[in-house]
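In: only geometry, no sequence info:
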């Protein structure tokens with residue numbers, strides 16, 4: 001067996017190049033598509049891994065009870081997400097918004113502010129506590145200088 005000395009570094013370099021390419025491709029694929037000058041295009045809100053999730057199932061306790069059981073931290077963001085079917089009409093969208101508004105009222109009664117997201121999808125409304133950091137646009141709109 002004859003092994004050429006000096007080829008092992010080339011294999012390692014090729015492996016590292018492939019890893020760098022895959023990491024770059026993954027990062028670029030997560031970037032929202034925007035059209036220059038198009039301010040009406042929506043981009044997804046920043047979200048992290050949830051700390052605690054409340055599902056508004058028919059047999060679930062009230063959201064206020066769930067919120068009282070959670071540790072308060074001013075860095076936490078409460079996000080209420082309501083979904084409607086992918087092929088839904090305006091009535092289904094209005095019902096999803098109504099569900100989100102009902103949960104928002106319960107959160108407000110507990111002194112919590114929340115972000116509402118109404119999106120296509122399946123399942124009941126959810127409330128999620130997470131350390132979501134606002135984007136720079138959100139921070140400037142709220143008067144924050146972070």
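Out: The structure has been received and is ready for your questions. Given the structure is predicted, the values throughout are model-derived calculations rather than measurements.

In: Correct me if wrong: residue 104 contacts residue 112.
Out: No. Using Cβ atoms under 8 Å, residue 104 makes no contact with residue 112, being 9.2 Å away. Yep, even glycine has a C-beta here, placed from its N, CA and C like the rest.

In: Now residue 53, what are its backbone angles?
Out: phi -130, psi 130 (degrees, to the nearest 10).

In: Run a quick check on it versus residue 124, I expect a contact.
Out: No. Here residue 53 lies out of contact with residue 124, judged by Cβ under 8 Å, at a distance of 11.4 Å.

In: Verify the stated contact: residue 126 with residue 80.
Out: Yes. Contact criterion Cβ under 8 Å: residue 126 and residue 80 qualify, at 7.3 Å.

In: And these two? Which one has more around it.
Out: Neighbours were counted for residue 126 and for residue 80 using other Cβ atoms under 10 Å; residue 80 has more, 24 against 19.

In: Adjacent strands (with direction) for the strand or helix carrying that one?
Out: Using DSSP states H and E, residue 80 maps to strand 77-84. In the sheet, strand 77-84 lines up against strand 115-120 (parallel), strand 126-130 (antiparallel) (DSSP bridges).

In: Can you list the low-confidence ranges for the chain?
Out: Within the chain, the stretches with pLDDT under 70 are 1-7, 31-47, 133-146.

In: centre of the chain versus the strand holding residue 80, how much separation?
Out: In this view, strand 77-84 has its centroid 9 Å away from the chain centroid, taken as Cα atoms, centre = their mean, to the nearest Å.

In: residues near residue 78, how many?
Out: 23.

In: give me every residue that touches it.
Out: Residue 78 makes contact with 67, 107, 112-115, 127-129, according to Cβ atoms under 8 Å, 6 or more residues apart in numbering.

In: Also residue 68?
Out: residue 110.

In: quick one: it from residue 117, how far?
Out: Between residue 68 and residue 117 the computed distance is 23 Å (Cβ to Cβ, to the nearest Å).

In: Report the distance from the longest helix seen in the chain to the chain centre.
Out: Longest helix in the chain, counting residues (DSSP state H): helix 8-29. Its chain's C-alpha centre and that of helix 8-29 lie 28 Å apart, by Cα atoms, centre = their mean.
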